[in-house]
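Asks: the sequence and its predicted three-dimensional model are supplied below.
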Amino acid sequence: MPQSPLPIPTAQQPPSRAAFARQALWLPLLLALAASAALMAGGGDQWLADQLFQLQGQQWAAKNAWWSAHLVHKGGRNLSFLMAALVLLALIRSSLHPRWKPLRRPLGYLLLSVALSTGIIALLKSWTHMDCPWDLQRYGGLRPFIGLFEQRPVLLGHASCFPGGHSGSAYAWIAAYFFMLQVRPQWRRPALLIPLGIGVVFGFTQQLRGAHFLSHDLWSLAISWSVAVLLYTWMFAPSLATARVPRPATSTVGETA
């Protein structure tokens with residue numbers, strides 16, 4: 001009696017766009033929202049700022065220090081502009097040089113993601129009207145603390161400290177993770193960890209200066225990650241591998257020629 005043929009296992013199919021977004025977007029966003037609730041509504045922001053303020057002798061000693069105001073703040077901002085300019089030049093080259101043509105779409109994605117992330121953060125800063133810690137009465141300033149969803153008195157004037165713009169200029173580059181998924185998958189983790197590390201340094205420096213609460217920087221990270229994920233799912237197949245998935249084999253074990 002002939003042995004019944006056994007099907008050859010087929011390659012695993014890439015996740016759908018919805019599944020990819022659920023894994024890469026919604027879980028990190030939920031964690032960010034939970035952390036923000038603890039920081040903003042639970043008093044975590046003020047507690048951490050209190051410690052940093054007391055550590056500097058009841059003042060923001062790092063506010064105008066050379067290393068924080070010039071090296072990290074201005075220098076970091078210039079670094080982000082330089083990176084964007086280099087990506088733009090590479091994008092132009094990819095449109096002119098045939099050998100660079102495969103990089104055109106990934107480079108366009110990277111530049112667009114960085115621009116959207118920083119643009120959204122800048123727009124929110126102009127809408128939310130939240131003060132920096134150094135402006136608050138609690139830390140020697142003149143203004144009372146007004147929460148994110150509280151009505152701000154007109155007499156207090158304009159404020160633009162939420163989300164954190166400086167940390168956002170680094171976090172926006174986590175889009176490099178998805179860029180590397182398309183061009184050099186083996187480099188994707190460094191491409192994620194380097195912007196994250198720089199963003200933490202930028203954010204903590206601004207917190208030492210009294211420019212931001214921790215939640216301000218957390219929101220910048222959440223915005224940058226969300227933009228990077230959503231734009232990636234729109235521009236590319238939502239697979240964590242760049243290689244094409246082979247078609248399922250139709251042959252079976254036991255068949256004869």
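Replies: Received the coordinates, thanks.
Asks: out of everything not next to it in sequence, what's closest to residue 183?
Replies: Residue nearest to residue 183 in three dimensions, not counting chain neighbours: residue 106, with 5.4 Å by CB to CB, 6 or more residues apart in numbering. Using the backbone N, CA and C atoms, a C-beta is placed for each residue, glycine as well.
Asks: so that neighbour sits in a helix?
Replies: Yes. If the criterion is DSSP: H, G, I helix; E, B strand; the rest coil, then residue 106 is within a helix.
Asks: and it, how many neighbours?
Replies: 23 (other CB atoms under 10 Å).
Asks: let me see the contact set for it.
Replies: When the contact criterion is CB atoms under 8 Å, 6 or more residues apart in numbering, the partners of residue 106 are 179, 182, 183.
Asks: quick one: which of these has the most company?
Replies: Taking other CB under 10 Å as the neighbour criterion, residue 179 ranks highest of the contacts of residue 106 with 26 neighbours.
Asks: alpha carbons only: can I get the helix or strand containing that one in PDB?
Replies: Using DSSP states H and E, the secondary-structure element containing residue 179 is helix 175-183. Presented in PDB, the C-alpha positions along helix 175-183 are these (Å, rounded to 0.1, in the frame of the first residue of the first chain):
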ATOM      1  CA  ALA A 175      13.100  55.900  12.200                       C
ATOM      2  CA  ALA A 176      16.600  54.700  11.300                       C
ATOM      3  CA  TYR A 177      15.600  51.300  12.800                       C
ATOM      4  CA  PHE A 178      13.000  50.800  10.000                       C
ATOM      5  CA  PHE A 179      15.400  52.400   7.400                       C
ATOM      6  CA  MET A 180      17.900  49.700   8.300                       C
ATOM      7  CA  LEU A 181      15.300  47.000   8.100                       C
ATOM      8  CA  GLN A 182      15.200  47.800   4.400                       C
ATOM      9  CA  VAL A 183      18.900  48.300   3.600                       C
END
